[in-house]
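Visitor: One predicted model, sequence on top.
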Amino acid sequence: MPLVRRKKPAEAEKNSGSDSGNRNEKSEEGEEEENGKKRRLHKKNEKSKAKKAKEKGKWSCVDSCCWLIGCICTIWWLLLFLYNAMPASFPQYVTEAITGPLPDPPGVKLRKEGLTAKHPVVFVPGIVTGGLELWEGHPCADGLFRKRLWGGTFGEVYKRPLCWVEHMSLDNETGLDPPGIRVRPVTGLVAADYFAPGYFVWAVLIANLARIGYEEKNMYMAAYDWRISFQNTEVRDQTLSQIKSKIELMVATGGGKKAVIVPHSMGVLYFLHFMKWVEAPAPMGGGGGPDWCSKHIKAVMNIGGPFLGVPKAVAGLFSAEAKDVAAARAIAPGFLDNDMFRRQTLQHVMKMSRTWDSTMSMIPKGGETIWGDLDWSPEEGHVPIKRRQINNGTKLARQDETGSLGSQLKSAYFGRIISFGKDVAEAKSSEIGRTDFRDAIKGRNFANNTCRDVWTEYHDMGIEGIRAVAEHKVYTAGSVLDLLQFVAPKMMARGSAHFSYGIAENLDDPKYKHYKYWSNPLETRLPNAPGMEIFSMYGVGIPTERAYVYELSSSAECYIPFQIDTSADSREDEESCLKDGVYTVEGDETVPALSAGFMCAKGWRGKTRFNPSGIRTYIREYDHSPPANLLEGRGTQSGAHVDIMGNFALIEDILRVATGATGEDLGGDQVYSDIFKWSEKINLHL
């Protein structure tokens, strides 16, 4: 058995104290270490908080954008809430408090006079104002069957912009549907009553017609696909046949009362084409015979009609811009060239719009005979007219503070539709040295891939071809056709098969039986309908694009090589027509008065070779008056190209003719501009 040694009490105490001391020391060391960790963690947390606070104090660009968008949305929803909460009569109350009692709408006024619906009315919308919807598309357009791609909210533009551009474009070879895509016009009055929510086109006129008894049985919206050529609307959709059948039905069911046709903008040219098509024998025409129009049409009341084309169409096809786009580009350089989505916006617009054959219907017609040459134009001597508001608020007087227009002739050469440089636009023709671009050798543009995101026909011209265009320096209405042929040969090859821009020497020539001449009033005759009336109704008093000063883009190899020179200005001269690179004349902001009024003022006035049956023609100009206040909306006296559709005077004229009045009953011509004087300057064989 092993021996066990026992410790003495003193020794045991000693050992016990030693162990206790060791434990105490270890405990103190652990506490210190733990406290150190806590202190370090606390310091770390403090630093982290300080860093976060510092970062929180910084204000980034993204924060600013989010804050701005939030403020705008909040204010918008607040205003919308207040607008919906206020009584419906409040805006009218405020307006009347400022301007005095408002006149009755034309429909109410005529109903009080006892006038009611009589003649059926047909509306013919213009370019871009009619809705388009998808019937077949590519996979990127899933879920959009029969949804509007054009008109309405335009939501798909923002959700899938490239897909939208793809489906809104036509085939660059045929001018018809691309493979696997079908976009068709919306039908019914809703096709063009509103272009977008709150932005009326035909809605105000329709509402006033309804007040005197009209409804869908005696009103018809002749909707068509405004992108394609006029004859192709019949080839693809049989739209012209539908218009013919609808008019015949409305006349037959309306007791034989002839129809009143109301075309707007490009719809004026479309219906001019229709009147020749309906008479022509099948298969090219509708087979209605030479007296169809005489039997079925009482009057054609053209609103803002670009009968002779618009210079704005040249700028749009040449550089995908016009006055407003050029001004936006000057305010925000680079935004339209390479926007926030890193897509070259204007190139997409150009590539898409150059597939729309209808745009070529509005290239200026008549060449230098109508629009002028390097040294002459019908509007020469025109200066902007200063205006003053008359106290009664119903009319605008024109005032030239220093005398007659004839005493203030200016040297603006309006015949030079495109000039490269302000010095060229203002120089005498003998001082302009030009080189001919037509024989310039085109070559591929070898710009790098980052510059070639969107192909346009300019990429096939090469830098030498681009320079040749700029070195030609100046283009008139005659030479712009050659210019467009040079820069956009595919587009013009299609367009020349459907439209013509000359002046007929002999209208008996069999070639003028072809449909390409039918929308040009200078190359076709009006129908044999002596009882029919034609009105030219348009706004005046707004500066309207007539000629452009261009420059060669600094990044010609990457982007559209030509752009309006917004630095070309004459602000020091209040009477100059040049502003931001654009020369302006009298008109409705889109169509110059010369184009809208010449045919009714001279070309068709009386019996002429263009109007052999002597159809009576009238000019009804509406002097522009802006709205008195914001609550008045777009105004009831506007002369602007689209806003004129809400002009009470114009609507009343249409309603009176629809209820049986004639042009003489309206008072004949109503003219504010110098359209008759300008027309007399044009040496056209009649």
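Guide: Here it is on my side, so go on. Numbers count the residues shown, from 1 in each chain.

Visitor: Isn't residue 105 up against residue 646?
Guide: No - Residue 105 is beyond contact range of residue 646, at 10.1 Å (criterion: Cβ atoms under 8 Å). Where you see a C-beta, it was placed from the backbone N, CA and C, and this is true even at glycine.

Visitor: quick one: which of the two has more around it?
Guide: Comparing residue 105 with residue 646 by other Cβ atoms under 10 Å, the one with more neighbours is residue 646, at 22 against 17.

Visitor: Need the nearest residue in space to that one, chain neighbours excluded.
Guide: residue 204 (4.4 Å; Cβ to Cβ, 6 or more residues apart in numbering).

Visitor: and the one you found, helix, strand or coil?
Guide: helix (DSSP: H, G, I helix; E, B strand; the rest coil).

Visitor: how close does it sit to residue 361?
Guide: In this view, residue 204 and residue 361 are 26 Å apart by Cβ to Cβ, to the nearest Å.

Visitor: related to what we said a few turns ago, could you check how far the residue nearest to residue 646 is from residue 136?
Guide: 34 Å.

Visitor: Comparing the two, which shows the higher neighbour count?
Guide: Taking other Cβ under 10 Å, residue 204 and residue 136 do not tie; residue 204 has more neighbours (22 against 13).

Visitor: So for the strand ranked longest in the chain, mean pLDDT?
Guide: As assigned by DSSP state E, the longest strand anywhere in the chain is strand 542-552. For strand 542-552, the mean per-residue pLDDT is 95.

Visitor: Please enumerate the helices of the stretch 101-250 of the chain.
Guide: 106-112, 155-159, 161-168, 203-211, 230-237, 239-253 (DSSP state H, counting those that start in this stretch).

Visitor: where does the stretch 251-400 of the chain dip in pLDDT?
Guide: 326-344, 385-400 (pLDDT under 70).

Visitor: Try it again at 80.
Guide: Confidence mapping of the stretch 251-400 of the chain against pLDDT under 80 gives the ranges 322-345, 384-400.

Visitor: Now do the strands in it.
Guide: 259-263, 297-303, 386-389, 396-399 (DSSP state E, counting those that start in this stretch).

Visitor: least trustworthy helix or strand in this structure by mean pLDDT?
Guide: Sorting the helices and strands of the chain by mean pLDDT, DSSP states H and E puts strand 396-399 at the bottom, at a mean of 41.

Visitor: For the closest residue to residue 544 other than its chain neighbours, pull up the helix or strand it's in.
Guide: Nearest in space to residue 544, with sequence neighbours left out and distances taken as Cβ to Cβ, 6+ apart, is residue 587 at 2.9 Å. Counting by DSSP states H and E, the element that carries residue 587 is strand 582-587.

Visitor: Next one: the most centrally placed residue in the chain from residue 351, what distance?
Guide: For the chain, the residue nearest the mean C-alpha position is residue 128 (6.7 Å; Cα atoms, centre = their mean). Distance, residue 128 to residue 351, by Cβ to Cβ: 17 Å.

Visitor: repeat for residue 144
Guide: 21 Å.

Visitor: How about residue 127?
Guide: The gap separating residue 127 from residue 351 is 18 Å, by Cβ to Cβ.

Visitor: ditto for residue 185
Guide: 22 Å.

Visitor: Who has more neighbours out of these two?
Guide: residue 185 (23 against 18).

Visitor: domain assignment for this protein?
Guide: Domain assignment for the chain, taken from automatic domain parsing, gives 2-21+39-85, 113-223+232-308+527-536+594-678, 311-363+367-500+542-587.

Visitor: Residue 507 is nearest to which of those domains?
Guide: Residue 507 lies closest, by Cβ to Cβ, to one member of the domains of the chain: domain 113-223+232-308+527-536+594-678, at 6.0 Å.

Visitor: residues of stretch 241-254 that come out buried?
Guide: 242-244, 246-248, 250-251, 254 (16 or more other Cβ atoms under 10 Å).

Visitor: before we move on, what about stretch 597-609?
Guide: Buried positions in stretch 597-609, judged by neighbour count with 16+ other Cβ under 10 Å: 597-605, 608.

Visitor: next one: stretch 124-141
Guide: Using 16+ other Cβ under 10 Å as the test for burial, stretch 124-141 gives 124-134, 137, 141.

Visitor: Next step: the residues you listed restricted to strands.
Guide: Residues of the buried residues of stretch 124-141 located in strands (DSSP E): 124, 132-134.

Visitor: Among the residues you listed, which one sits closest to residue 421?
Guide: Of all these, residue 132 has the smallest distance to residue 421: 39.6 Å, by Cβ to Cβ.

Visitor: ok, now which ones touch that closest one?
Guide: By Cβ atoms under 8 Å, 6 or more residues apart in numbering, the residues touching residue 132 are 148-151, 168, 183-186, 225, 227.

Visitor: what pLDDT, on average, does the host helix or strand of residue 68 get?
Guide: For residue 68, the host element (DSSP H and E) is helix 61-85. The average pLDDT within helix 61-85 is 73.
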